[in-house]
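Asks: Here is my input, please return the structure:
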Amino acid sequence: MPSASLYIYIGLLVVLSAVSVHRMLLALAARRLRNRVPEAPRDWPTVLVQLPMYNERYVAERLIDAVCALDYPHDKLSIQVLDDSNDETVDIAEARVELWRRRGIDIAYVRRPTREQFKAGALAHGLTLSNAELVAIFDADFVPEPDFVKLLVPHFNDTGVGMVQARWGHLNRHYSKLTESQAILLDGHFVNEHGGRAAMGSFFNFNGTAGIWRRRCIDEAGGWSGLTLTEDLDLSYRAQLKGWRFVYRQDVEVPAELPPDVNAFKTQQHRWAKGSTETARLLLPTIWKHPTLSFRHRCEATFHLAGNIAYPMVLLLAVLMPFAVSSRYELLSWKLAVMDGLMFVGSAASLVTFYALAERSVGHGDRILRRLPLTLAIGVGLAVNNSRAVIEAVIGRRTPFARTPKWGDRKASRVDPAYLLSANWQALVEFVLGLYMVGAMGVAAANQRFLPIPFMAIFATGFLLLAVGSLRKAFLGLRTAKAALTPREGASTIAEPHHPAADHG
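Replies: Numbering: from 1, shown residues only. Predicted coordinates:
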């Protein structure tokens, strides 16, 4: 009789194949998305642009300069730099704001006494200082084009529209293989998932940046909240449950910086996975009890908010794969064919099609088949990182908002002690899992079972790449710290007085 691990393994394949089929349905629906751009309003509404920042010394000036160059009636546009920083960003941002203010731009530098509720708290605080009708938001790593506001504002002629979201572009797509893979993963999300949900009339979300809100929509939905790490997703669903409609402008691209550092990438993904699972815990009961939502819309919202639960399944799949392969010898040939078919459809063909369609839509379809294996490996390699995030969210463990370091035009390989995110036990787990999958590949080859080897190779590559990247950064951090503690010849040994900054979480 086949082992229990084999039946669990097949069950996981079935569930993950269903998830893949759902993603393909979204990708097909996204082909139907058409944006009807309304005429420009006769009287442009007032717009507040909010720039939340926390220790963004490398990119603060770039963002402020780009926003101050927005093409919009100056008497209708105001800008807030919401700076919670506790490093030299304070001086950099304040000086840049003053420069533009002297040039006649309506821009204010806003600081709070604490970083309470993190980004959500900063945005909420800024709203108390303005009565603008519309609110645009940009994170520090974004660089909007001058026509951004004028392209999106006409949609608010429809009084039922509460938010308009643009598509993210990528300033440093070709910086490294890591950033190229991230770009493909994000393109799949924006083109196929956002586009598909928008085309079907399902709920989709504001992505925290590169979008414009109607102020009344924010207020009626209950305002910004720090109850989850994804305040944007939380508010988006609360607003749509109140009856507000969202518009997705896939044709409007706002370029942003991708994390070029492995640990920064993991930190960002952990925050997104945990925040979305927290939002699922918070709002799914309300969604399923909502009287006006159809069954289809409730199911789609569940797939969206609880989608990261797939990561623990992928992790368990990796652990069981060698045992399942050894048990397969006892199966009848038709059962073997069914399982291999599920593995192929669920793990390869659908994902390749999903991302190939997205890349073709954004004009990066060349050589996509050569770039996808590494992209899929990195996506699978996140299983440990994002499973930890999901488990923390499910058990209700609260953690502070961990920002994603931005490097601007600098090389991420430079060692900046303030930007080194330490590796933890997770990197060791990833490393061990990578070696485990390499060993499983050897066993499969020795037994002449070659079909599962490419899938094992994807898992092994993903785990080892992310583990080695994290451990390398940890080594650089230790070396930098050691160098900082070693007095240089002729250097003064008198310490400067220490002024502890406020704890911003």
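
Asks: quick one, helices of the stretch 301-450 of the chain?
Replies: Taking DSSP state H, counting those that start in this stretch to define them, one finds helices in the stretch 301-450 of the chain at 310-327, 333-344, 350-361, 368-381, 383-394, 425-446.

Asks: I'd like the ones you listed written out as a markdown table, with distance to residue 58 added.
Replies: The way it works is simple: take the backbone N, C-alpha and C, and place the C-beta from them, glycine included. As requested, those are exported to a markdown table (distance: least, Cβ to Cβ, whole Å):
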| stretch | distance to residue 58 |
| --- | --- |
| helix 310-327 | 31 |
| helix 333-344 | 43 |
| helix 350-361 | 29 |
| helix 368-381 | 24 |
| helix 383-394 | 24 |
| helix 425-446 | 25 |
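
Asks: Between these, which has the poorest mean confidence score?
Replies: Lowest mean pLDDT within these: helix 333-344, a mean of 60.

Asks: ok so, going back, residue 56: which of the helices of the stretch 301-450 of the chain is closest?
Replies: Closest approach to residue 56 among these (Cβ to Cβ): helix 383-394, 23.5 Å.

Asks: Of all the residues in the closest one, which ones are buried?
Replies: For helix 383-394, the buried set under the neighbour-count rule, 16 or more other Cβ atoms under 10 Å, comprises 383-390, 392-393.

Asks: just stretch 130-140 next, same as before
Replies: Judged by neighbour count (16+ other Cβ under 10 Å), stretch 130-140 contains these buried residues: 130, 132-140.

Asks: out of these, what pair is the most spread apart?
Replies: In the buried residues of stretch 130-140, the most distant members under the criterion Cβ to Cβ are 133 and 140, with 24.8 Å between them.

Asks: quick one on the thing from earlier: just so I know, which of the helices of the stretch 301-450 of the chain lies nearest residue 148?
Replies: Nearest to residue 148 among the helices of the stretch 301-450 of the chain is helix 350-361 (20.2 Å), distances taken as Cβ to Cβ.

Asks: packing partners for the closest one?
Replies: The contact analysis (3 or more Cβ pairs under 8 Å, 6 or more residues apart in numbering; DSSP states H and E) places helix 350-361 against helix 4-30, helix 177-187, helix 368-381.

Asks: quick one: the shortest one to chain centroid distance?
Replies: Read it as helix 177-187. With Cα atoms, centre = their mean, to the nearest Å as the basis, helix 177-187 stands 11 Å off its chain's centre.

Asks: same thing with stretch 391-408?
Replies: Once both centres are worked out by Cα atoms, centre = their mean, stretch 391-408 turns out to sit 12 Å from its chain's centre.

Asks: Next, the buried residues of stretch 355-367.
Replies: Within stretch 355-367, judged by 16+ other Cβ under 10 Å, the buried ones are 355-359, 361-362, 364.

Asks: can you put these in CSV and add distance to residue 226?
Replies: Written out in CSV, the entries for the buried residues of stretch 355-367 read as follows (distance: Cβ to Cβ, whole Å):
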residue, distance to residue 226
355, 33
356, 38
357, 36
358, 32
359, 35
361, 35
362, 33
364, 36
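
Asks: quick check, nearest of the residues you listed to residue 172?
Replies: Nearest member of those to residue 172, counting by Cβ to Cβ, is residue 364, at 13.8 Å.

Asks: How is this structure divided into domains?
Replies: The chain breaks down into these structural domains: 4-27+314-402+416-484, 46-308 (assignment by automatic domain parsing).

Asks: What's the end-to-end length of the longest one?
Replies: For domain 46-308, the first and last residues are 38 Å from each other (Cα to Cα, to the nearest Å).

Asks: do stretch 374-392 as well
Replies: The first and last residues of stretch 374-392 sit 28 Å apart, counting by Cα to Cα.

Asks: start at 14 instead
Replies: Taking 14 as the first residue, the last one we looked at is stretch 387-405.

Asks: Where does pLDDT dip in this protein?
Replies: For the chain, the stretches with pLDDT under 70 are 14-16, 340-360, 423-437, 487, 489-518.

Asks: Just say which of the domains of the chain is most tucked in.
Replies: Among the domains of the chain, ranked by average contacts under mean count of other Cβ atoms under 10 Å, first place goes to domain 59-321 (a mean of 20).

Asks: Find out how far it is from the centre of the chain, if you would.
Replies: Using Cα atoms, centre = their mean, the mean C-alpha position of domain 59-321 is found 11 Å from that of the whole chain.

Asks: Let me know the secondary structure of residue 219.
Replies: Here residue 219 is coil, with the state taken from DSSP: H, G, I helix; E, B strand; the rest coil.

Asks: That one touches residue 226, doesn't it?
Replies: Yes - in this structure, residue 219 is within contact of residue 226 by Cβ atoms under 8 Å, at 7.1 Å.

Asks: Now do the shared contacts for those two.
Replies: residue 176 (Cβ atoms under 8 Å, 6 or more residues apart in numbering).

Asks: Distance-wise, check residue 400 relative to residue 249.
Replies: 25 Å (Cβ to Cβ, to the nearest Å).

Asks: ok now do residue 297, which residues does it touch?
Replies: Contacts for residue 297 were tallied using Cβ under 8 Å, 6+ apart; they are 314-315, 318-319.

Asks: Next, format the residues you listed as CSV and append distance to residue 20.
Replies: Converted to CSV, the contacts of residue 297 look like this (distance: Cβ to Cβ, whole Å):
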residue, distance to residue 20
314, 31
315, 25
318, 29
319, 24
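
Asks: residues in contact with stretch 475-485?
Replies: For stretch 475-485, using Cβ under 8 Å, 6+ apart, the contacting residues are 191, 274-276, 279, 331, 389-398, 436, 439-441, 443-444, 446-448, 450-451.

Asks: Mind exporting the C-alpha coordinates of that stretch to PDB?
Replies: Below are the C-alpha coordinates for stretch 475-485, written out as PDB (Å, rounded to 0.1, in the frame of the first residue of the first chain):
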ATOM      1  CA  GLY A 475      15.200  28.700  -4.800                       C
ATOM      2  CA  PHE A 476      16.100  27.700  -1.200                       C
ATOM      3  CA  LEU A 477      19.800  27.800  -1.800                       C
ATOM      4  CA  LEU A 478      19.800  31.100  -3.600                       C
ATOM      5  CA  LEU A 479      17.800  32.900  -0.900                       C
ATOM      6  CA  ALA A 480      19.800  31.200   1.900                       C
ATOM      7  CA  VAL A 481      23.200  32.000   0.500                       C
ATOM      8  CA  GLY A 482      22.100  35.600  -0.300                       C
ATOM      9  CA  SER A 483      21.000  36.100   3.300                       C
ATOM     10  CA  LEU A 484      24.000  34.400   4.900                       C
ATOM     11  CA  ARG A 485      26.400  36.500   2.700                       C
END
